[in-house]
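> let me see the structure of the following:
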Amino acid sequence: MWKLVIKLIWNALPVVALVLIGAWLYNQVTGTFTSPTQSTPVVSVVDRRGVVEAIKSVNKQIFIEHYNMVDVEYTEIPSDWTSALGLKQEFIVLVRGRVPAGFDLHQLSEDDIWISNNGQRIQLTLPPPTIFVDNVSIDLENSRILAQSDTCPNFLCQDDLTAYQANVLPAARELLIDYAHENGILYQAAGDGQAYYEQFLRSLGFDEVRVIITEYQE
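Numbers count the residues shown, from 1 in each chain. This is a model prediction of the structure:
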């Protein structure tokens, strides 16, 4: 009985040895190509043209909006002899509206970007922030007439709607823009834009990032 057991064990030794040798070789080969504890960092190198295209593709131009209200006073008096009659049209209107500000990316070019030779550092120079005048909007729903007096007939003075559209609204837009300027909308846009593009450039794979805002760099 014992002789049979010993014989079986002896016959199985070559098989066990082959299995162990095969396992060792497998570990050596797979360990050469993959390591569970180490990974090779992937560095994404983007050239200047690629950065410009990436920035323009996201089309992030407006960074802040100011929502304010202004009072607009409008007066119209006939310019002919009828002015002696005391005819006059007057409005005082409370106008609310939004003023957007940000960066005109159409001005951005490859000359505004510097990238180090190793592709790890980048400097971006943005144009000065601007107010998008064409995008200033009037909140008609929440605007209202505070006072109105009209003793001037329509054939001598403008009708109310024409006066409102031709005179009151343009004046309100200018006042809203001036008010936004006074409240530092451009400096706020510069700060928000700088923070946004620093993060954006890091997402492209750059380790060191510097964003300069022309005329607004602290």
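
> contacting residues for I115?
Neighbouring residues of I115 by Cβ atoms under 8 Å, 6 or more residues apart in numbering: V46, D47, R48, V51, R121, I122, F206. Where you see a C-beta, it was placed from the backbone N, CA and C, and this is true even at glycine.

> if we go to 6 Å?
Counting by Cβ atoms under 6 Å, 6 or more residues apart in numbering, I115 touches I122.

> let me see the domain layout of this structure.
1-40, 48-213 (automatic domain parsing).

> would you mind listing where this structure has pLDDT under the threshold?
Low-confidence segments of the chain, defined by pLDDT under 70: 1-45, 80-84, 86, 216-218.

> okay, the domains of the chain, which one's buried deepest?
Comparing these by mean neighbour count (mean count of other Cβ atoms under 10 Å), domain 48-213 comes out on top with a mean of 16.

> in a strand, K60, correct?
No. Using DSSP: H, G, I helix; E, B strand; the rest coil, the assignment for K60 is coil, not a strand.

> tell me the phi and psi of it?
Backbone torsions of K60, given as degrees, to the nearest 10, read phi -90, psi 100.

> spatially nearest residue to it, not counting backbone neighbours?
Y196 (6.6 Å; Cβ to Cβ, 6 or more residues apart in numbering).

> same check, this time on K56
L105 (5.5 Å).

> and if you look at A172?
Per Cβ to Cβ, 6+ apart, closest to A172 is V95, 3.8 Å.

> ok, now how distant is that neighbour from S109?
Distance, V95 to S109, using Cβ to Cβ, to the nearest Å: 38 Å.

> and R48, by the same measure?
In terms of Cβ to Cβ, R48 sits 9 Å off from S109.

> before we move on, what about E73?
For E73 relative to S109 (Cβ to Cβ), the value is 45 Å.

> which residues in the protein form helices?
According to DSSP state H, the chain carries its helices in the segments 2-33, 48-58, 160-163, 169-182, 185-203.

> pretty sure N167 contacts E73?
No. Here N167 lies out of contact with E73, judged by Cβ atoms under 6 Å, at a distance of 10.6 Å.

> work out which residue lies at the spatial centre of the chain.
Nearest to the geometric centre of the chain sits K60, at 3.7 Å (Cα atoms, centre = their mean).

> check contacts around the nearest residue to A101 once chain neighbours are set aside.
Among residues not flanking A101 along the chain, A189 sits closest, at 4.2 Å (Cβ to Cβ, 6+ apart). If you count contacts by Cβ under 6 Å, 6+ apart, A189 has them with F63, I64, A101, G102, P129.

> with V46 instead?
V46 touches L204, counting by Cβ under 6 Å, 6+ apart.

> I'd like to know how far it sits from D112.
In this view, V46 and D112 are 15 Å apart by Cβ to Cβ.

> who's S137 bridged to?
R98 (DSSP bridges).

> correct me, but it touches R96?
No. Using Cβ under 6 Å, S137 makes no contact with R96, being 9.9 Å away.
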